[in-house]
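Q: Provided below are the primary sequence and the corresponding predicted coordinates.
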Amino acid sequence: MEANIKTIKSLAVLCSGGDSPGMNSAVRSVVRTAIGMGIDVYGIYKGYSGLLEGNIQKLNLSSVGNIIQRGGTILDTSRCLEFHTPEIRQEAAHILARKHIDALIVIGGNGSFAGAMTLHQEHDIPVIGIPGTIDNDISGTEYTIGFNTAVQTAVNAVDNIRDTASAHARTFLVEVMGRKSSFIALQVGICTGAEHVVLSNQAVDYEKIVSGINKGTERGKTSSIIIVAEGEKAGLSYEIKDTLMTQYNLSVHACILGHIQRGGSPTALDRLIASKMGYAAVQSLNQGLRCHVTAFNKGEIEMVPLSACMTGKNESTESQLELIRALAI
Ligand SMILES: Nc1ncnc2c1ncn2[C@@H]1O[C@H](COP(=O)(O)OP(=O)(O)OP(=O)(O)O)[C@@H](O)[C@H]1O
Ligand SMILES: O=P(O)(O)OC[C@H]1O[C@](O)(CO)[C@@H](O)[C@@H]1O
Ligand SMILES: [Mg+2]
């Protein structure tokens, strides 16, 4: 540790943005690691909104007992619009100082990381980000906690829909979450043997969808599954369904999976990565890191500067699409 780096005696942890399965496993790991190292640990309830309200409680070992397997987050979470305002962030910094909290661990997505970054830049507060979002849309890390569970939940749902699609000889459009990112859609598409995936950042290619369905019909297929990434707002699958009906005379069904993808008990993979990240977050503060993220790259946890995690990512989109096309022949 550099000689001029102040020792962290107390830290706070919060969850922000959409909840994701595995957040609790990460909170547990942060709390247990910190206490084991003699660091006082506080939970901030309801994300940045709770910070501004001073909704902060000291946590002990049993505060995080029996939560590793639970979905949601015991700390609750929020989307806090005021946090975009510098004066409001100044208030947040004062609240942390008044509570003698030396560092903040933020478990959340790209938006939550943007909030943590500004707090660090403006008020020199040590921050560590733990990537927790089902969207897997944070640059600098190949993985974000919750993605695997969300994909598994969606895959189970599509398997069920496939039974009906097959029994009734129907085509289904199944819309999955992911906002601007199509990672859930792509992985669900591969794992359910979908005929086509509609990406969130591209115009819908109706000719391709229709020729795919027709090709399948010609070789005797009676049902098809098309996965739709939701984009800016939910409901695109219904627009596609209407266009297929009115312009191509094709009758299809649409199903929006919605928030069932965000809840539920985390998979073993999410519990494992969350436990490792929580531990690494606290260790890294002890080692003098002050504005970093616990990233998961090439199978290992590594500390990456928060500044490297501020843009979206789209690596692997093309190769995943290629696989879907190759297998839907
Ligand atoms: N540019 C920003 N500056 C300050 N705070 C921000 C900024 N962007 C987002 N935040 C804070 O982070 C919160 C969560 O952001 P957002 O709603 O984008 O979710 P997220 O963390 O990306 O998670 P997810 O996408 O998984 O729901 C916002 O409500 C706001 O309080
Ligand atoms: O629950 P809310 O606030 O409607 O947010 C929905 C969004 O949150 C996410 O589930 C990520 O948390 C996105 O995939 C989705 O677009
Ligand atoms: Mg986000």
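A: Good, I have the coordinates. The structure presented is a predicted model; accordingly, all values stated were derived computationally and were not measured. Ligands and ions are numbered 1, 2, ... in the order given.
Q: would you give the sheet partners of the helix or strand where V228 lies, along with the direction of each?
A: Using DSSP states H and E, V228 falls within strand 224-229. Strand 224-229 pairs in its sheet with strand 171-176 (parallel), strand 196-198 (parallel), by DSSP bridges.
Q: who's in contact with L51?
A: For L51, the contacting residues are L14, I44, A92, I95, L96, by Cβ atoms under 8 Å, 6 or more residues apart in numbering. All C-beta spots, glycine's among them, are computed from the backbone N, C-alpha and C.
Q: try it again at 6 Å.
A: I44, A92 (Cβ atoms under 6 Å, 6 or more residues apart in numbering).
Q: okay, it and L75: tell me how far apart.
A: L51 sits at a distance of 11 Å from L75 (criterion: Cβ to Cβ, to the nearest Å).
Q: how many neighbouring residues does D205 have?
A: Applying other Cβ atoms under 10 Å, we find 13 residues neighbouring D205.
Q: that one and R325: what is the separation?
A: Going from D205 to R325 by Cβ to Cβ gives 12 Å.
Q: please see if the strand or helix carrying A254 touches ligand 2.
A: Assigned by DSSP H and E, A254 belongs to strand 253-256. No - using Cβ under 6 Å from any ligand atom, no contact is recorded between strand 253-256 and ligand 2, whose separation bottoms out at 11.2 Å.
Q: just to revisit the earlier point, where do the contact lists of D205 and R325 overlap?
A: By Cβ under 6 Å, 6+ apart, no residue touches both D205 and R325.
Q: which of the residues in stretch 202-211 are buried?
A: Applying a neighbour-count criterion of 16 or more other Cβ atoms under 10 Å, the buried positions in stretch 202-211 are V204, I209, V210.
Q: hmm, I was thinking of stretch 118-136
A: Those would be 119-120, 123, 125-136, for stretch 118-136 by 16+ other Cβ under 10 Å.
Q: quick one on the thing from earlier: quick one: mean pLDDT for the strand holding V228?
A: Strand 224-229 shows a mean pLDDT of 96.
Q: how distant is it from the center of its chain?
A: Averaged C-alpha coordinates place strand 224-229 at 21 Å from its chain's average position (Cα atoms, centre = their mean, to the nearest Å).
Q: repeat that for stretch 22-35.
A: Worked out by Cα atoms, centre = their mean, stretch 22-35 lies 17 Å from the chain centre.
Q: do it and ligand 2 meet?
A: No - using Cβ under 6 Å from any ligand atom, we find that stretch 22-35 stays clear of ligand 2, coming within 10.8 Å at best.
Q: now tell me what touches that stretch from outside.
A: Applying Cβ under 6 Å, 6+ apart, the contact partners of stretch 22-35 are 13, 15, 41, 59, 61, 64, 67-68, 70, 73-75, 105, 107, 130, 132, 145-146, 266, 270-271, 274-275, 277-279, 281-282.
Q: next, G129: phi, psi?
A: phi -100, psi 140 (degrees, to the nearest 10).
Q: that one touches S112, doesn't it?
A: No - if you go by Cβ atoms under 6 Å, G129 and S112 don't touch, sitting 7.4 Å apart.
Q: which residues are common contacts for those two?
A: Going by Cβ under 6 Å, 6+ apart, residues that sit against G129 and also against S112 are V106.
Q: how close does R98 get to S10?
A: 12 Å.
Q: which of the contacts of stretch 22-35 fall within strands?
A: V13, C15, V41, I105, I107, I130 (DSSP state E).
Q: most surrounded residue in these?
A: The most crowded member of those, judged by other Cβ under 10 Å, is I107 (35 neighbours).
Q: that residue against I130, yeah?
A: Yes - using Cβ under 6 Å, I107 makes contact with I130 at a distance of 4.4 Å.
Q: who touches the one residue in the chain that gets nearest to ligand 2 in this structure?
A: Closest residue of the chain to ligand 2, Cβ to the nearest ligand atom: G18 (2.1 Å). By Cβ under 6 Å, 6+ apart, the contact set of G18 is R262.
Q: quick check, it in a strand?
A: No - read with DSSP: H, G, I helix; E, B strand; the rest coil, G18 is coil and lies in no strand.
Q: what does it show for phi and psi?
A: phi -70, psi 140.
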